[in-house]
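[1] Can you look at this prediction? I've put the sequence above it.
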Amino acid sequence: MSTQPSASEAVSVRKQTFPCRMSGPCASPEPVRNSLIDDAKARLKKHDVGTKYSHLSSNKYSVLLPLLAKEGKLHLLFTLRSEKLRRSPGEVCFPGGKSEPADVDDVATALREAQEEVGLHPHQVEVVCCLVPYLLDCCPAT
């Protein structure tokens, strides 16, 4: 069996735009939403490992934990893997995938994969932190 480290999971907060319902310049989005996001960001930043684990392996996978505020609550975006996939079919997961040579770092991999899988454009994402990597003990040699 091979043990492959995954990349640090990038945690993000999706930037949302809100329509203005009044004339003139828009006020900032609802204070509750801002407070909720600011609190989540402060808590997550305490767990940021930055690039501390970037040296682990060249065979990495990165995921994005898309966190967004809606109706006064925080939500995580999950995806459902196709039943047709060879590895982990039908599983619920975060958007992400294997690093490619063009990816400059783990965050770039996570952002690229999130765009490919759920259409989340990197400019819509504020990366808050990178978490400790999860080491996978999967994929036995065949």
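    Alright, I've got the coordinates.
[2] What mean pLDDT does the helix ranked longest in the chain get?
    If you go by DSSP state H, the chain has its longest helix at helix 31-45. In this model, helix 31-45 has a mean pLDDT of 86.
[3] pull the CA atoms of it into CSV?
    C-alpha atoms of helix 31-45 as CSV (Å, rounded to 0.1, in the frame of the first residue of the first chain):
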residue,chain,number,x,y,z
PRO,A,31,-24.3,43.4,9.6
VAL,A,32,-25.3,39.9,10.9
ARG,A,33,-23.7,38.3,7.7
ASN,A,34,-20.5,40.3,8.1
SER,A,35,-20.3,39.5,11.8
LEU,A,36,-20.8,35.8,11.1
ILE,A,37,-18.1,35.7,8.4
ASP,A,38,-15.7,37.8,10.4
ASP,A,39,-16.1,35.4,13.4
ALA,A,40,-15.6,32.3,11.2
LYS,A,41,-12.5,33.8,9.5
ALA,A,42,-11.0,34.7,12.9
ARG,A,43,-11.6,31.2,14.2
LEU,A,44,-10.2,29.5,11.0
LYS,A,45,-7.1,31.7,10.9
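[4] in this protein, which spans are helices?
    Secondary structure of the chain (DSSP H): helices at 31-45, 106-118.
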